[in-house]
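Trainee: give the three-dimensional model of this entry:
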Amino acid sequence: MSGTQEEINKLRLQKLKLLDDHYKEVALLRVRLDEQIRQLNRKIAKAGDNDVNLPCLVRKTPGPELTVYHSADRPCGRVRDRRNFRLMPEPKAKDASPYVWLERCSACDWRDAADVHGNRLLGS
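Mentor: Residues are numbered from 1 along each chain as shown. Model prediction:
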């Protein structure tokens with residue numbers, strides 16, 4: 001092999017190593033960014049869940065005694081027609097019945113609702 005060919009091969013290997021190192025660094029940065037975004041999303045959801053203005057739905061039509069309130073952002077299948085429900089913040093929803101302290105409906109997707117509400121707060 002000639003001296004020029006050896007020099008070209010060395011340069012090619014240097015270029016390939018440089019590109020490989022770059023791609024590895026970019027991949028590592030993506031992994032770090034994804035983890036930081038996940039952590040922030042958890043904090044946003046927690047802030048949404050802890051906010052006193054988390055929107056809830058309380059049934060206002062006649063029927064069985066009230067025991068639960070529903071998520072306004074991610075309600076369960078029991079909320080078919082929103083016109084049958086009053087929209088209110090969670091503290092008022094808990095105290096909406098004169099007889100019992102209402103609880104969160106276990107069928108509603110409260111985790112996703114907290115995320116939606118937290119992102120809404122972030123955007124305002």
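Trainee: from here on, contacts and neighbour counts on C-alpha atoms
Mentor: OK.
Trainee: ok, residue 47 - contacts?
Mentor: Listed by C-alpha atoms under 8 Å, 6 or more residues apart in numbering, the contact partners of residue 47 are 114, 118.
Trainee: now the helices for this structure?
Mentor: For the chain, the helices defined by DSSP state H cover 3-50, 90-94, 110-123.
Trainee: for those helices, which one ends up most surrounded?
Mentor: Mean neighbour counts were taken over the helices of the chain using mean count of other C-alpha atoms under 10 Å, and the top value, a mean of 20, falls to helix 90-94.
Trainee: just the C-alphas of that helix, formatted as CSV.
Mentor: The C-alpha coordinates for helix 90-94 follow below in CSV (Å, rounded to 0.1, in the frame of the first residue of the first chain):
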residue,chain,number,x,y,z
GLU,A,90,-62.3,20.1,44.1
PRO,A,91,-62.7,21.7,47.6
LYS,A,92,-66.3,22.7,46.8
ALA,A,93,-67.0,19.3,45.2
LYS,A,94,-65.9,17.5,48.4
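Trainee: from the chain's centroid, how far away is that helix?
Mentor: 22 Å (C-alpha atoms, centre = their mean, to the nearest Å).
Trainee: stretch 52-68 now?
Mentor: Using C-alpha atoms, centre = their mean, the offset of stretch 52-68 from its chain centre is 24 Å.
Trainee: same deal with stretch 97-104?
Mentor: The chain centre lies 28 Å from the centre of stretch 97-104; the measure is C-alpha atoms, centre = their mean.
Trainee: quick one: residue 12 from residue 30, how far?
Mentor: For residue 12, the distance to residue 30 equals 27 Å [C-alpha to C-alpha, to the nearest Å].
Trainee: which one of the helices of the chain lies closest to residue 66?
Mentor: helix 90-94 (10.5 Å; C-alpha to C-alpha).
Trainee: and the helices of the chain: which comes nearest residue 75?
Mentor: The nearest among the helices of the chain, by C-alpha to C-alpha, is helix 110-123 at 8.3 Å.
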